[in-house]
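> I need the structure of the sequence given here:
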Amino acid sequence: MPQQPCTYIMASMKRGTLYIGVTRDIAMRAWMHKQGRGSKFCAKYGVKRLVYMEYFDLMADAIAREKRLKAWRRAWKIELIESVNPHWNDLYFRLNA
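Have a look, this model is predicted:
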């Protein structure tokens, strides 16, 4: 998979703890989260399921989107995830398919 700026959301489980991040290599970053090396927060709360991702042409746009999403209410984040991934499937397994 080619590297491209991406804003993503990880979850511990359906409607569980959420983590929002940004990366150029979503496959590697999601793998790091799954190994407990993505962030101390994710390791502490078991946040290992990639449930949402959004690609951008520019890293600045991905960072701006990350900041906007972090400011959203939790209910809005859940609604966003469920609009594209209603069953909260782990999208990591689709990255290298």
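
> tell me the contacts of Pro5?
By Cβ atoms under 8 Å, 6 or more residues apart in numbering, the residues touching Pro5 are Val22, Thr23, Arg24, Tyr55, Phe56, Asp57, Leu58, Met59, Asp61, Ala62. Quick note: C-beta positions are derived from backbone N, CA and C, even for glycine.

> which residues of this protein score low on pLDDT?
Counting by pLDDT under 70, the ranges of the chain that qualify are 1-2, 97.

> which ones among the contacts of Pro5 are found in helices?
When helices are assigned by DSSP state H, the members of the contacts of Pro5 inside them are Met59, Asp61, Ala62.

> What ranges does the chain have for its helices?
Taking DSSP H as the criterion, the chain contains helices spanning 26-34, 40-45, 59-71, 74-84, 92-95.

> Out of the ones you listed, which gets nearest to Ser12?
In terms of Cβ to Cβ, the element of the helices of the chain nearest to Ser12 is helix 40-45, at 5.7 Å.

> How about the closest one, which residues are buried there?
The neighbour-count check on helix 40-45 (16 or more other Cβ atoms under 10 Å) flags Cys42, Tyr45 as buried.

> again with stretch 76-90
Of the residues in stretch 76-90, those scored as buried under the neighbour-count criterion (16+ other Cβ under 10 Å) are Lys77, Ile78, Leu80, Ile81, Asn85, Trp88.
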